[in-house]
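**Student:** My questions concern the predicted model and sequence given below.
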Amino acid sequence: MFEKIAAFFRSIFRSLFGGAESSSRGKNSGTDRHKPNTNNDTQKELPKAEPDFPQDAHEVDKDTAAAIVVVDESEPVALEPGDDPADNIDSENPGVAAIPADTEVIDAPVITEPETPETETQPPVEEEPPVVEKPRHKARYTWCLDNGHGKRTAGKRSPKLEDGSQFFEYEFNRDIVKKIIAQLDEIGVKHFNVVPEIDIDNFLEGRVARANNLKSDLPKIYLSIHSNAFGNSGWELPSGIETWFFHNSRAGRAIARVFQKRLINKLGWKNRNLKSYPGKRQFYVLRNTSMPAVLTENGFYTNKEECKLLMKDNIRQKIADAHVEAILEIERNGL
């Protein structure tokens, strides 16, 4: 009898206030999810990371490697209206991102000639050249910078070199992002450091949730930075640079083209082109972000010669510079 009464009151409650279950479940399936975001992202439950799914190029096994689609970055991408997340952000000037309200527009200074003294006996006074301030960069996107992995991520390190030194990917990724941020701050490009923590594991759901739930007055782009590896132990031969994108995302592929081109031009290393998975085994940060997303793999730390290069500060600076060049190209031109 008690169960019938409880069921009666539950039915009345549902009719008055609606069902309690979220209607957002299952929205991650289907075709191209990486449509331009509206910057009004709401928090929603993310799927759990599958432990047997690869999360970067190093974790791709032989059984799934055959499914990888390799694309030459020189091939053009046929973008459609709305593929660029900055499209129609400014309704009065379609195709151009709106300038944040707090952006200071600096006018060029007015330089006037000094007055000539009336007396000829007064010695001339040397004038210091006027200081001309650079106009502030007008940000077009918010760049979510993801330094993949953490100190507690298993593996992700090179074999030891002759001198006992060793490459750690978490440290490399954070150093590259740090160098990128230093330049973006100086230029005025808007950015968000997704995982500033060091003592952390892969933190896949957390890093994606942080980017998805970030409130921004500009459309967002997700950039995950890694270094590659091959095999589980010892030195291996594979080398070079590759950039991954969400398979069904035209915007993602367009962004990946720019990064791959800039990295190859800057470093001159082997070009491993653009890559993507056509199925559900795409990397977690590419398939669950609510914005266009790419993942760069910058050299192999399991290749002894390339590992030694990746540990040099001047090479790391070149890698960071190439990423900044790509970001500025997209900032200027959109997609």
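**Tutor:** The structure has been received and is ready for your questions.

**Student:** can you count the residues close to Pro278?
**Tutor:** 11 (other CB atoms under 10 Å). (Each C-beta comes from the backbone N, C-alpha and C, glycine too.)

**Student:** from memory it sits against His247, does it?
**Tutor:** Yes. Counting by CB atoms under 8 Å, His247 is a contact partner of Pro278 at 5.0 Å.

**Student:** Now do the shared contacts for the two.
**Tutor:** Counting by CB atoms under 8 Å, 6 or more residues apart in numbering, the residues touching both Pro278 and His247 are Val69.

**Student:** I'd like the average pLDDT over stretch 315-335.
**Tutor:** Averaged across stretch 315-335, the pLDDT comes to 97.

**Student:** now Phe245, which residues is it bridged with?
**Tutor:** For Phe245, the beta-bridge partners are Val294 (DSSP bridges).

**Student:** Who are the contact partners of Ala322?
**Tutor:** 259, 262-263, 265-267.

**Student:** again, 7 Å this time
**Tutor:** 262-263, 266-267 (CB atoms under 7 Å, 6 or more residues apart in numbering).

**Student:** One more: Gly334?
**Tutor:** Gly334 neighbours (CB under 7 Å, 6+ apart): 84, 86, 140.

**Student:** Now do Gln183: how many residues are near it, please.
**Tutor:** As a measure of burial, Gln183 has 17 neighbours, counting by other CB under 10 Å.

**Student:** Need the three-state assignment for it.
**Tutor:** What DSSP: H, G, I helix; E, B strand; the rest coil gives for Gln183 is helix.

**Student:** In contact with it: list those residues for me.
**Tutor:** Val324.

**Student:** So what's the residue count around Ile221?
**Tutor:** Neighbour count for Ile221, taken as other CB under 10 Å: 29.

**Student:** Which strands and helices lie in contact with the helix or strand Ile221 falls within?
**Tutor:** For Ile221, the host element (DSSP states H and E) is strand 220-228. In this structure, strand 220-228 makes packing contacts with strand 142-147, helix 169-187, strand 293-300, judged by 3 or more CB pairs under 7 Å, 6 or more residues apart in numbering; DSSP states H and E.

**Student:** which residues touch that strand?
**Tutor:** With CB under 7 Å, 6+ apart, strand 220-228 has contacts from 37, 56-58, 85, 141-148, 169, 172-173, 176-177, 211, 214, 255, 285, 289, 291-301, 310.

**Student:** returning to what we had before: now the contacts of Ala322 in JSON lines, with neighbour count?
**Tutor:** Compiled in JSON lines, the contacts of Ala322 are given as follows (neighbours: other CB atoms under 10 Å):
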{"residue": "Arg262", "neighbour count": "21"}
{"residue": "Leu263", "neighbour count": "28"}
{"residue": "Lys266", "neighbour count": "17"}
{"residue": "Leu267", "neighbour count": "19"}
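
**Student:** In helices, which of those residues appear?
**Tutor:** 262-263, 266-267 (DSSP state H).

**Student:** so where do the helices sit in the stretch 101-250 of the chain?
**Tutor:** With helices called from DSSP state H, counting those that start in this stretch, the stretch 101-250 of the chain shows them at 169-187, 204-213, 250-267.

**Student:** highest average neighbour count across those helices?
**Tutor:** helix 250-267 (a mean of 23; mean count of other CB atoms under 10 Å).

**Student:** list the helices and strands it packs on?
**Tutor:** strand 241-245, strand 271-276, strand 293-300, helix 313-333.

**Student:** To Pro196, which of the ones you listed lies closest?
**Tutor:** Pro196 lies closest, by CB to CB, to one member of those: helix 313-333, at 16.4 Å.

**Student:** Could you give me the buried positions within the closest one?
**Tutor:** For helix 313-333, burial by neighbour count (16 or more other CB atoms under 10 Å) applies to 315-316, 318-328, 330-331.

**Student:** Report the two of those separated the most.
**Tutor:** Ile315 and Glu331, at 24.7 Å, using CB to CB across the buried residues of helix 313-333.
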